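Colleague: Sharing a sequence plus its predicted fold:
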Amino acid sequence: MTTSTQDTLAAIAGLDPATAARLTGHRPDATAAAEASLGALLDVAADDEAAGLDRSTRLLAAARAARVDGAEEVLAYYRELLDEEGAVAAELVADGADGLAGRAASRRVRALLRHVDLLVLRPAAATPDDVDALRIAGWSTPEIVVLSQIVSFVSYQTRVVAGLRVLGGGTA
């Protein structure tokens, strides 16, 4: 699914293109930067220092962040992308590390899911021990940074979509 950020946000927020242009057209640089961020976080280049965090896993983290944040539209967007990847992650997205699928998942995946939940629900409670738990589970420093960036970007998307829906006449 390749669209402009404005189109992506409009689609997620349920806005028609004219309404989206009216609401966001005055900030083309912000729109372009958000689109670039989306691509940089989800696409894995051959020389990516966080290549161990593959696209499906990045999408899993994004979908789980949207799920925990209660952002149904954003969650639907990431589920669609996961489906396009052929990833079977619905239970991991829905139930996290402590669900049946989470308990059966690898140590790396469980640590990732717990970290996503922490950053969405209690970001101020994160400590160096939480980062160490990711390292112990096998995540590298660049992978941990990208994972954290994905969670923060999804939080940004969630808030922009909610704002666009309100400004566009919907509800958040």
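Modeller: Ah, there it is.
Colleague: In contact with Val161, which residues are there?
Modeller: With contacts defined as C-beta atoms under 8 Å, 6 or more residues apart in numbering, Val161 is in contact with 9, 12-13, 71, 73-74. For the C-beta atoms, the positions are set from N, CA and C on the backbone; glycine is no exception.
Colleague: Looking at those residues, which are in helices?
Modeller: With helices identified by DSSP state H, the entries of the contacts of Val161 that belong to them are 9, 12-13, 73-74.
Colleague: low-scoring stretches of the protein, by residue?
Modeller: Applying pLDDT under 70 to the chain picks out residues 1-7, 170-172.
Colleague: residue ranges of the strands in it, please?
Modeller: In order along the chain, the chain carries no strands (DSSP state E).
Colleague: In it, which residue is most central in space?
Modeller: Using C-alpha atoms, centre = their mean, the residue of the chain that lies closest to the mean C-alpha position is Ala62, 2.3 Å off.
Colleague: Tell me if I'm right that that one and Ile150 touch.
Modeller: Yes: at 5.4 Å, Ala62 counts as touching Ile150 under the criterion of C-beta atoms under 8 Å.
Colleague: Mutual contacts of those two, please.
Modeller: The contact sets of Ala62 and Ile150 overlap at Leu42 (C-beta under 8 Å, 6+ apart).
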